[in-house]
Every structure is written in structure tokens, then in C-alpha cells.
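> next comes the sequence, and after it the predicted model I'd like to discuss.
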Amino acid sequence: MKVGIIRCQQTEDMCPGNTDFKVAATGKMAFAEIGPCEIIGFVSCGGCPGKRAVQRAKLMVDRGAEAIVLASCISKGNPIGVPCPHFEIMREAIAKKVGDQIRIIDWTH
């Protein structure tokens, strides 16, 4: 499956995303249900409150993503332990924009 990952802009300087790439490629953790995945895009949310994430998700879908993944830095707060306060609204807006055929995955690792 081809996936696009959206990460938290505020944690970019703390996390290079290598674990996201590893678990997607090997089909582990959040990807265990769907198996190994090809990452076709890896972008930030654009900063709080995450409005840019909606259009960025749509761009990745237009370029072949079959699923949009909200990285664990957004949903779980990795690595600092503070989840994004805009997670639910951002997720809902992305799901609405990309449509029902695109799977939304709420975490990576």
C-alpha cells in the first residue's frame, strides 16, 4: 500500500522520522494490519493548528497515496509526550477532504 505520512512540525528538530520509515517498510506497529508500505510523501502539518495538513493530505492522495497516516508525534505526542491538541479536528478535516476510499491511520509507532 502507498501511504503519505503527516508529522508534527514542532517535533521536526527532535525526530528525523526514521522509525516511521522503518515500521512502514516492514509492516510493523500501526502498519501490521496492512503490511509493508511504500511512503510516497512525508510532510509536516504546516504548524499549529494544522490547517495545511488538509491540503497536503489531498496532494499526496492525488499523487498516489492510498492511506494518510498521522504520525505518532501528532496523535501520541512522541517524543515529548504532548499530543497535538488539534489532532481530532485535523483528522476529521483530512478524512472529509480525501474521501471515504482513503484510509486514515492515527499513529505510526
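It's in.
> who touches the helix or strand hosting Val23?
Using DSSP states H and E, Val23 maps to helix 18-26. Applying C-beta atoms under 8 Å, 6 or more residues apart in numbering, the external contacts of helix 18-26 come out as 3, 5, 7, 28-31, 36-39, 42, 69, 71-72, 108-109. Glycine gets a C-beta too; all of them are placed from N, C-alpha and C.
> give me the buried subset of those residues.
Neighbour counting by 16 or more other C-beta atoms under 10 Å classes 3, 5, 7, 30-31, 37, 39, 42, 69, 71-72, 108-109 among those as buried.
> closest to Arg91 among those?
Val69 (10.9 Å; C-beta to C-beta).
> pretty sure the closest one belongs to a strand, no?
Yes - under DSSP: H, G, I helix; E, B strand; the rest coil, Val69 sits within a strand.
> now Arg7: phi and psi?
phi -120, psi 170 (degrees, to the nearest 10).
> beta partners for it?
Taking DSSP bridges as the rule, Arg7 bridges to Ser44.
> show me where the chain has strands.
2-7, 38-44, 67-70, 103-105 (DSSP state E).
> the third one - contacts with which helices or strands?
In this structure, strand 67-70 packs against strand 2-7, helix 51-62, helix 87-98, strand 103-105, with contacts taken as 3 or more C-beta pairs under 8 Å, 6 or more residues apart in numbering; DSSP states H and E.
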